[in-house]
Every structure is written in C-alpha cells, then in structure tokens.
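J.: The following block contains a protein sequence and its predicted model.
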Amino acid sequence: MHFIHQLAELTVNINQHLTVLVYGLVALIIFCEVGLVVAHFLPGDSMLFAIGTLCASEAMDLATVLILLSIAAILGDNFNRLMGIWVGHKAFAGRNGRFFNQKNLDRAHYFFEKYGAKAVTVCRFFPLLRNGIPFVAGMAEMRLRVFFPYSVLGGTGWVVVCVLAGYFFGNLDLFSNLSDLRLHGSPVPEAPQLSGNAAHPPVAPHHLPPGNMLSYPSCPQTRPEAVWGWYTSMTPGSGR
C-alpha cells in the first residue's frame, strides 16, 4: 500500500511538472514570435486561437493563459525594441549604403513621431508587422514612456482577442459535436435489408428452405408460406 501511495504522488508531481512545462513553452513561443525580428515563422494568432479552444475544454486555465501570455507578448515587444536600439540604429546611423543609410533612418524617425502610437498598437494583429514595428521603433529611438503604454495595450488586446475567440468557438455546440464525431466516430444507422431486389427477385415460397427468415424488421418467425404472405403484403405489387 505504501508503494502504491508513493506511485500516485509521483504521478501527480509529473503531471504538475508537465503542466508547468506546457505553459512555459507556449509563453516562450509567444515571446520569441514577438521579440525576435527573424521569428515571424512561429505560430502566433493560430496558436492563441487553438489555446482558447483548449481553455474551453478545461484542458488549460483561461485566467492563467491570459495573464501569462499577455506578459510574454509585452516582454517580447520591449525586447524587440531594445534590439532595434542596439543593432538597428548602429546599422543605419551615419551609413551611405543603398538600404542602410541615414536617410532611411530619418524617415523612420518621422514616421514614429507622427504614427508611432497607432503603429505599435495595431501592428500586433498583422504577422509580418508584429515583430518588425517594435524593431524599427527602437531603431528610430522611440521613447520608452511613449512606447510602453501602447505596447501593453496592443499586446494585451492581441492575446485577449485571439484567445477569447478560440474560447467562445470551443464552447459552440457545433464545435463540441464535431469533436465528439472526430473522437468517437459517427454512428451510422443500419438500413433494413431485403432478401430480394430488382436484380434478384424474391424467391417463391416453395424454394425457401425450412427456417429461412427474411432480413426485414419485425419479420414473423413462422413457416415459409406465412413469410411469403407477409412479404407480399409489405411490398405492393410483388405478389402479382
């Protein structure tokens, strides 16, 4: 009994560690998808939507998902801005190349002075802009006191909208029915089978072997003559 008790405790601990690992892995993916300018290939909107459906089935906790992933999105956004300051600004400032030049850097400054707040908020809902705008904002030296509030607004709004969309979709009856059919299979009603059809006409009573029953609902289990009479009454024109 002591061994069984220890085994049960070990199983609970493993499940708890796996749960923490799943939440941590999802948060890391969101952080990298937003925080690394080269990580646009990672799933963002689709993964948040799928996580929402898992929350609807109580496989994941909705409150924990909303808080944790919002924090991951905000941290990734601000990390991307720092990368723009450290790497992007140095790549453009004082250069005269075809792309990396001071003129393009001045254009970025002008854009973020005029549209920076809107760009940082709205870019979250567009995959290619989501990890590009924060980097350019850092490159254009957008101030943290201006960037951070809109980063919080955009990051939280993005996570809440995508997760709740999946959550409400997962609660629909149609989705539940589709899930049941996919997991358990669709019950197919069996159609009644007749022993005779157009290609093979019904057998005459005297050709029926004793005890042969027709595969039809509520067929009386009697002699062949009674079966033939019952069949002709159920199928108009068959006795003609």
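T.: Perfect, thanks for sending it.
J.: Need the contact partners of stretch 127-139.
T.: Contact partners of stretch 127-139, identified using C-beta atoms under 8 Å, 6 or more residues apart in numbering, comprise 33-37, 39-40, 44-45, 77-78, 80-86, 88-89, 91-92, 105, 108, 112, 116, 119-120, 123-124, 147, 151, 158. From N, CA and C alone the C-beta is placed, and that goes for glycine too.
J.: hey, where'd the helices end up in the chain?
T.: Counting by DSSP state H, one finds helices in the chain at the ranges 2-35, 45-56, 62-83, 89-92, 102-122, 127-130, 133-139, 144-170, 173-184, 224-234.
J.: Mean pLDDT and mean neighbour count added to those, as TSV?
T.: Output for those, formatted as TSV (pLDDT from 0 to 100; neighbours: other C-beta atoms under 10 Å):
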stretch	mean pLDDT	mean neighbour count
helix 2-35	72	14
helix 45-56	91	20
helix 62-83	94	20
helix 89-92	72	15
helix 102-122	84	16
helix 127-130	84	16
helix 133-139	88	26
helix 144-170	93	18
helix 173-184	52	10
helix 224-234	56	16
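J.: can I see the domain layout of the protein?
T.: 10-184, 196-240 (automatic domain parsing).
J.: Surely residue 85 touches residue 142?
T.: No. Residue 85 is not in contact with residue 142 according to C-beta atoms under 8 Å; the separation is 9.3 Å.
J.: and the residue nearest to residue 45 when sequence neighbours are not counted, what does it touch?
T.: With sequence-adjacent residues excluded and distances taken as C-beta to C-beta, 6 or more residues apart in numbering, residue 45 is closest to residue 162, at 5.4 Å. Shown in contact with residue 162 (C-beta under 8 Å, 6+ apart): 45, 48, 49, 52.
J.: just the residues you listed now: which is nearest residue 171?
T.: The nearest member of those to residue 171, counting by C-beta to C-beta, is residue 52 at 9.7 Å.
J.: ok, that closest one touching residue 171?
T.: No. Residue 52 is beyond contact range of residue 171, at 9.7 Å (criterion: C-beta under 8 Å).
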